[in-house]
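> Structure for this input, please:
(chains A and B)
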Amino acid sequence: MNSQAMSAKNTNDLPVVSDRLAHNAMRNVSERIIEGLLFAAAAVSVLTTIGIVYVLVSESIQFFANVPLVDFLTDTQWTPLFDDAHFGIMVLISGTLVSSTVALALAVPMGTVIAIYLSEFADSRVREVAKPILELLGGIPTIVFGYFALLMVTPLLQKVFPELPGFSLLSAGLVMGIMIVPYIASLSEDAMRAVPMSLREGAYAMGATRLHTALTVVVPAAFSGLAASYILAISRAVGETMILAVAAGMQPNLTWNPMEPAATITSYIVQVALGDLPHGSIGYQTIFAAGLTLILITLMFNILGQWLRRKFRENY
Amino acid sequence: MQQNALTTEQIRALIARGKLKDTLFKALGVLFLAIGLAVILLLVIDMVEKGSERFTVDFFLNFASRRAAQAGILSAWVGSLLVMLVTAVAAVPIGVAAGLYLEEYAKRNWITEIIEINITNLAAVPSIVYGLLALGIFVYQFGFGQSILSAGLTLALLILPIVIVSTREAIRAIPAMIREASMGCGATRWQTCRYHIIPYAMPGILTGVIIGLARAIGETAPIITIGALTFIAFLPPAPFAETGEGVAGLFDWVMSPFTVMPIQIFNWTSRPDPAFEVNAAAAGFVLMVMVLTMNGVAIWLRYKMRKNIKW
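The predicted model follows:
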């Protein structure tokens, strides 16, 4: 039978393909085309990154052709649209760092406590209700949070601190903190739930209370996950725009005092975009230089996060 | 040993102290959760209270105006809807295709690795940076201008990681036997995807798409960055409608200037006249309802899915 097939094949010099097989051949071609299209879709994400880097770097190069890098980093004034133009990015960075610090000072403890509570204390019914609520809180548009900060939190804070101005980094930062809590709580809870039950049982068997177990066994074991959630929170805080644009004022102000109004990197970009700057002017280029600074700051924290994660990763 | 031994009373006191700490911590956890819930409630109540006088049909059918009492959100909600349409049309096919490729086709090599790292990193990029990307590429390089098309594509890029990740998770939950059975019957890889993987993953994909769109509809920063106008008192041309320059084409609206809900709210919030606060509250409430409904539907869908599907 085998030899018959062989001889049959040998007698035909031209490959005769049956209709069914011809259909299959076409099928292979279309399979390859589809695979190519799907790959192209996946490659869009890489193109996006390339696009971001290209836009930020190419515009920034033109910006730094006009403004020396040293001035950019050391000048203490940010007045790019004035006749006497100064380009000291530290002014904007200070606003970003102060507001982010306020936000994290609220969000990290609050988010962590909620996560520990949900993963170690709450029974499953509470968790089923609490997690969707947190998700909804995280889904509120930031512009609505901005409204909340300006028209509700600021007046409330002014009752406690009568000298607080109408725009302040403090109230914007606090609301930003509330916005970030769900991210930290949800990611940290996932990390802590991934800690194997046997570790907890070991601690309970030694007579530890729930809290003791949570703080001395579960949290250290899940630390790499917690660190990852904190890093994401920092990225969110540094990149948050609308809350600051609405509630922190948009005056460039080199300050480390959260009670003052100040512009951040992001709110400066919004302020310029709201105006009508001609494409290619130095004012137009500043927002790309500011954007590049923003990306570099987030990148720095992300690299730090990767390192922390690797250093504290636990294997079971 | 004997010296260290505790009396029964001491042990009881120790246990009581431990239990007290547990209870205190539990109370703290509940308190913090309650603060989160209180913020949502406070926001909604405040907006309803302040904005209630503006919840009229006119508010939805009027254009923005210099007089607070006559201003409405017509151009804003129409703009939001149209931008979402462009976003969905761009993000859903690309996101699902990318997720499908990474789960079903990709070989474990460095190209796949790069794509995966990229998607993770893009999710952490601040949204305003997407606005800068769009300003440089869509608005000026491609010449789309400050149009609905630019805004829709920008938001599509922004939510792409969300769509891709949820697609991948949905596909990963489908057991290998489904693929084996399909291919065992002679189906090709694409036929398996087309007739089995995509339909079975659909609820999960839909959840991701809704969450992504809910995020996109509330985004303000990237759209302001591409230079959307804050004062628009006209609607984009409807297909085949008579305009000043003749009959509009089917897709003329995508190139039209526009405004969206969050920008309208931002505009009203940043005005010194408190009369506009009322408008901001009312529009904020409408936006909240849109976003929370979308998120609620997504959460409900996920909940239902988890209950129903048992492979």
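> Next up, the contacts around whatever residue of the stretch 51-200 of chain B ends up closest to chain A.
Going by CB to the nearest CB, chain A is nearest to residue B:126 of the stretch 51-200 of chain B, at 2.4 Å. For the C-beta atoms, the positions are set from N, CA and C on the backbone; glycine is no exception. By CB atoms under 8 Å, 6 or more residues apart in numbering or on different chains, residue B:126 lies in contact with A:235, A:238-241, A:266, A:294-295, A:298.
> Name the helix or strand for residue 159, please.
The chain I'm using is chain A. According to DSSP states H and E, residue A:159 maps onto helix A:154-160.
> um, chain B though
helix B:148-172.
> near chain B at all, the very next helix or strand once past the helix holding residue A:159?
Using DSSP H and E, the helix or strand that follows helix A:154-160 in sequence is helix A:169-193. Yes - using CB under 8 Å from any CB of the partner chain, we find that helix A:169-193 touches chain B at A:178, A:181-182.
> What does the pLDDT read for residue B:2?
With respect to pLDDT, residue B:2 has a value of 55.
> part of a strand, is residue B:257?
No - under DSSP: H, G, I helix; E, B strand; the rest coil, residue B:257 falls outside any strand and is assigned coil.
> Let me know the pLDDT of it.
For residue B:257, the predicted pLDDT is 83.
> Over to residue A:279?
Residue A:279 carries a pLDDT score of 79 in this model.
> how about it, secondary structure?
The three-state assignment at residue A:279 reads coil, by three-state DSSP.
> Now do the contacts for whichever residue of the stretch 201-311 of chain B sits closest to chain A.
Residue nearest to chain A within the stretch 201-311 of chain B (CB to the nearest CB): residue B:218, separated by 2.7 Å. Under the criterion of CB under 8 Å, 6+ apart, the contact list for residue B:218 reads A:139-144, B:262, B:287, B:291.
> Would you mind giving these as a markdown table with pLDDT and neighbour count added?
Listed next are these as a markdown table, based on pLDDT from 0 to 100; neighbours: other CB atoms under 10 Å in any protein chain shown:
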| residue | pLDDT | neighbour count |
| --- | --- | --- |
| A:139 | 85 | 20 |
| A:140 | 89 | 24 |
| A:141 | 91 | 24 |
| A:142 | 91 | 26 |
| A:143 | 91 | 29 |
| A:144 | 91 | 29 |
| B:262 | 91 | 28 |
| B:287 | 91 | 27 |
| B:291 | 91 | 23 |
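> so where's the chain uncertain?
Chain wasn't specified; assuming chain A. Along chain A, the model assigns pLDDT under 70 to residues A:1-23, A:314-316.
> The intended chain is chain B.
Using pLDDT under 70, chain B drops low at B:1-4, B:230, B:240-248, B:250, B:307-311.
> Could you chop chain A up by domain?
For chain A, the structural domains run A:2-66, A:90-312, going by automatic domain parsing.
> Enumerate every residue touching the nearest residue to residue B:295 once chain neighbours are set aside.
Take residue B:295 and drop its neighbours on the chain: the residue closest to it by CB to CB, 6 or more residues apart in numbering or on different chains is residue A:139, 4.4 Å away. Listed by CB under 8 Å, 6+ apart, the contact set of residue A:139 reads B:211, B:214-215, B:218, B:291-292, B:295.
> Looking at the contacts of residue B:218, which is nearest residue B:70?
residue B:287 (20.3 Å; CB to CB).
> Distance check, that closest one against residue B:75.
To residue B:75, residue B:287 is 14 Å away according to CB to CB, to the nearest Å.
> give me the residue from the stretch 151-300 of chain A nearest chain B.
Here the stretch 151-300 of chain A gets closest to chain B at one residue, residue A:239, 2.4 Å apart by CB to the nearest CB.
> State the distance from that residue to residue A:58.
21 Å.
> quick one: contacts of the helix holding residue A:159?
By CB under 8 Å, 6+ apart, helix A:154-160 touches A:164, A:166-168, A:170-171, A:174, A:247.
> 10 Å - rerun?
If you take CB atoms under 10 Å, 6 or more residues apart in numbering or on different chains as the criterion, helix A:154-160 is touched by A:148-149, A:164-168, A:170-172, A:174-175, A:247, A:259.
> Could you name the specific helix or strand carrying residue B:229?
Using DSSP H and E, residue B:229 falls outside every helix and strand.
> Residue B:76 is in contact with residue B:82, correct?
No - Residue B:82 is beyond contact range of residue B:76, at 11.0 Å (criterion: CB atoms under 10 Å).
> list residues touching both of the two?
B:258, B:260.
> Compare these two (neighbour count), which wins?
Ranked by neighbour count (other CB atoms under 10 Å in any protein chain shown), residue B:82 and residue B:76 place residue B:76 first, with 26 against 21.
> Now that one. Nearest residue, chain neighbours left out?
Nearest non-adjacent residue to residue B:76, counting by CB to CB, 6+ apart: residue B:264, 3.9 Å away.
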